[in-house]
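Engineer: Here is the input, now give the coordinates:
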Amino acid sequence: MSKFTWLCALASVCVALTACGGGGGSSSSDSASNGTNTSSASGGTAWADATATPTTSSATNAIPITIAQGPYGAVNFPLVTVTICAPNSNAATACASIPNVLLDTGSFGLRLFGSAINSANSSTIAALTQQTSGGNPASECSYFGSGFTWGTIRNADIKLSSEIASNVPIQVITDPTSTAPTAPGGCQVSSQISVPSDLGANGILGVSVTEYDNLGDYYACNGTNCSTYTPASNSVRITNPVALFPTDNNGVIVEIKQIADSGAASDTGTLVFGIDTESNNVLNGTGATTFTTDDYGNLSATFNGRTYSGNAFFDSGSNGIFFPDSSLPTYGDWYAPSATVGLSTTLISANSTSATINFNIGDAQTFYNSDYYASNNLGGPMSGTMDLGLSFFYGRHVYYGIVGKSSTGGGTGPYVSYVSN
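Structural biologist: This is a model prediction of the structure:
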């Protein structure tokens, strides 16, 4: 199950990190890496940076990714713009384009703050079909590691570039038009994520390998009381919109431009829809490292002599690389070695094939004392997991094959794959 954890770091910035990601099937090593490999906790010479460049974001099956100083000050946040419209309108009626939405390959479905929707178009929420159960409006409580979101379930057309997913269930967080009471006591886990500044973004676009949401509990509320219910079918669950595109619906590719190891004020990338369906999303023949995963994008890892079963993943929603290493010095909640170190972990697919993954960890103190918002070597401690977050994505194309959907190069999902040059 996906989890959403808060890492309250430095400069009074709390950023979200979502866990779950995964990969595909062959056994190989990261071909873009060199330097001195080491499996020791102290690390070795930094690896050479990956060099794959993003394809154009102006294609009909692609949208741009921006990593910069957003409105809420989060670092290493890949942000995209999402357009929602009245359901079954071919994305043509009561539309609102929401900027600064977190691109998250560790969760499933679209979740937008009601205030962000209203800021874009005050008529949009009312045009989105409110789901019901037993005649009462439906809401969801979505659970994350250190908090929860509470909001209505509404259907919308979602437009991303020229791709349109019709009549998709989404969550409207803190829906201003809702008649539901405050979140039921049973779903109040830690603090409530109720406004954009709590998250650092205007919402979450979850495009993991999973098609349907499993993040929380569904409630029907009569205005005074709420009771849980089980959705009658997957079609009324929060849904990964990519899976509902008429074409280019078998997965996504996250492509982030490489930056200097010292960081950058901003960076760009491309989110490409489909795998092996267009000339700009080819996986077959690339020699990519591929891992099969479980249905939620997870695989296993070994690091420093320990195995983390089912707790390794590639996650764009995590703003750094998170793993346990007591030998690395820290600065606040981040690792801060005096010089960038190269580390390695072995990832193990769901089908038991394995590959060595190399990554770098730099000095977070130097980074946070700069005016930079993008880092290819930001990392921090987290027990029991190997979370290859956004820092790993720079200079790579990372592919996510959706459960039950096939591509020539990846086979049948779920899988995660990547190329480094």
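
Engineer: Can you name the residues bridging to residue 394?
Structural biologist: On the basis of DSSP bridges, residue 394 takes part in beta bridges with residue 256.

Engineer: For residue 283, see how far away it is.
Structural biologist: From residue 394 across to residue 283, the span is 20 Å (Cβ to Cβ, to the nearest Å). From N, CA and C alone the C-beta is placed, and that goes for glycine too.

Engineer: Repeat that for residue 333.
Structural biologist: 35 Å.

Engineer: higher neighbour count, these two?
Structural biologist: residue 283 (25 against 16; other Cβ atoms under 10 Å).

Engineer: Check the contact between that one and residue 410; I expect there is one.
Structural biologist: Yes: the pair residue 283 / residue 410 is scored as a contact, 5.5 Å apart, by Cβ atoms under 8 Å.

Engineer: and for the two, which residues touch both?
Structural biologist: 275, 276, 399, 417 (Cβ atoms under 8 Å, 6 or more residues apart in numbering).

Engineer: Tell me the one of those nearest residue 197?
Structural biologist: Taking Cβ to Cβ as the measure, residue 197 lies nearest residue 399 of the shared contacts of residue 283 and residue 410, at 32.6 Å.

Engineer: and the closest one, helix, strand or coil?
Structural biologist: strand (DSSP: H, G, I helix; E, B strand; the rest coil).

Engineer: how about low-confidence regions in the stretch 101-250 of the chain?
Structural biologist: 145-146, 215 (pLDDT under 70).

Engineer: Mind jotting down where the helices sit in the stretch 101-250 of the chain?
Structural biologist: Using DSSP state H, counting those that start in this stretch, the helices of the stretch 101-250 of the chain run over residues 114-120, 124-127, 196-199.

Engineer: show me the contacts for the closest residue to residue 363 other than its chain neighbours.
Structural biologist: Closest residue in space to residue 363, ignoring its immediate chain neighbours: residue 336 at 4.8 Å, by Cβ to Cβ, 6 or more residues apart in numbering. Contacts for residue 336 (Cβ under 8 Å, 6+ apart) come out as 328, 329, 330, 363, 364, 365, 366.

Engineer: buried subset of those?
Structural biologist: By neighbour count, with 16 or more other Cβ atoms under 10 Å, the contacts of residue 336 hold 328, 363, 364, 365, 366 as buried.

Engineer: State the phi and psi torsions of the last one.
Structural biologist: Dihedral angles phi and psi of residue 366 (degrees, to the nearest 10) take the values phi -60, psi -40.

Engineer: Contacts only, for it.
Structural biologist: 262, 336.

Engineer: at 7 Å what do you get?
Structural biologist: Residue 366 makes contact with no residue under the criterion Cβ atoms under 7 Å, 6 or more residues apart in numbering.

Engineer: Tell me which residues touch residue 76, please.
Structural biologist: Contacts of residue 76 by Cβ under 7 Å, 6+ apart are 67, 319, 320, 374, 375, 378, 390, 391.

Engineer: any idea how far the second one lies from residue 102?
Structural biologist: The reference is to residue 319. From residue 319 over to residue 102 (counting by Cβ to Cβ), the distance is 10 Å.

Engineer: From one end of stretch 272-280 to the other, what's the distance?
Structural biologist: Terminal residues of stretch 272-280 are spaced 8 Å apart (Cα to Cα, to the nearest Å).

Engineer: you'd agree residue 392 is in a helix?
Structural biologist: Yes: under three-state DSSP, residue 392 falls within a helix.

Engineer: switch to numbering from 274
Structural biologist: I'll keep to 274 as the first residue from here, and by that count the last item is residue 665.

Engineer: Closest to the centroid, which residue in this structure?
Structural biologist: Centroid check for the chain by Cα atoms, centre = their mean gives residue 377 as the closest residue, at 1.6 Å.

Engineer: quick one, strands of the stretch 274-423 of the chain?
Structural biologist: Assigned strands in the stretch 274-423 of the chain, in chain order: 276-281, 287-292, 335-340, 352-358, 369-377, 381-386, 402-403, 405-406, 409-417, 420-433 (criterion: DSSP state E, counting those that start in this stretch).

Engineer: what sits up against the fourth one?
Structural biologist: Just to be clear, that refers to strand 352-358. 336, 338-339, 343, 364-376, 383, 397, 429-433, 474, 478, 544.

Engineer: Mark which of these are buried, thanks.
Structural biologist: 336, 338-339, 343, 364, 367-369, 371-376, 383, 397, 429-433, 474, 478, 544.

Engineer: Would you quantify the distance from residue 693 to residue 470?
Structural biologist: 35 Å.

Engineer: what do you get for residue 455?
Structural biologist: 19 Å.

Engineer: Tell me which of the two has more neighbours.
Structural biologist: Using other Cβ under 10 Å as the criterion, residue 455 and residue 470 rank with residue 470 on top: 14 against 10.

Engineer: could you list every residue that touches residue 516?
Structural biologist: Residue 516 neighbours (Cβ under 7 Å, 6+ apart): 484, 522, 675.

Engineer: Endpoints of stretch 525-542, how far apart?
Structural biologist: 13 Å.

Engineer: buried stuff in it?
Structural biologist: Under the neighbour-count criterion of 16+ other Cβ under 10 Å, stretch 525-542 has 525-532, 536-537, 540-542 buried.

Engineer: Equivalent analysis for stretch 614-632, please.
Structural biologist: 614-623, 626-632.

Engineer: just checking, which of those residues belong to helices?
Structural biologist: Using DSSP state H, no member of the buried residues of stretch 614-632 sits in helices.

Engineer: Tell me if I'm right that residue 694 and residue 324 touch.
Structural biologist: Yes: in this structure, residue 694 is within contact of residue 324 by Cβ atoms under 7 Å, at 4.7 Å.

Engineer: Who has more neighbours out of the two?
Structural biologist: residue 694 (16 against 12).

Engineer: Now do the more buried one against residue 323, distance only.
Structural biologist: Taking Cβ to Cβ, one finds residue 694 at 7 Å from residue 323.

Engineer: Please apply the same query to residue 464.
Structural biologist: 36 Å.
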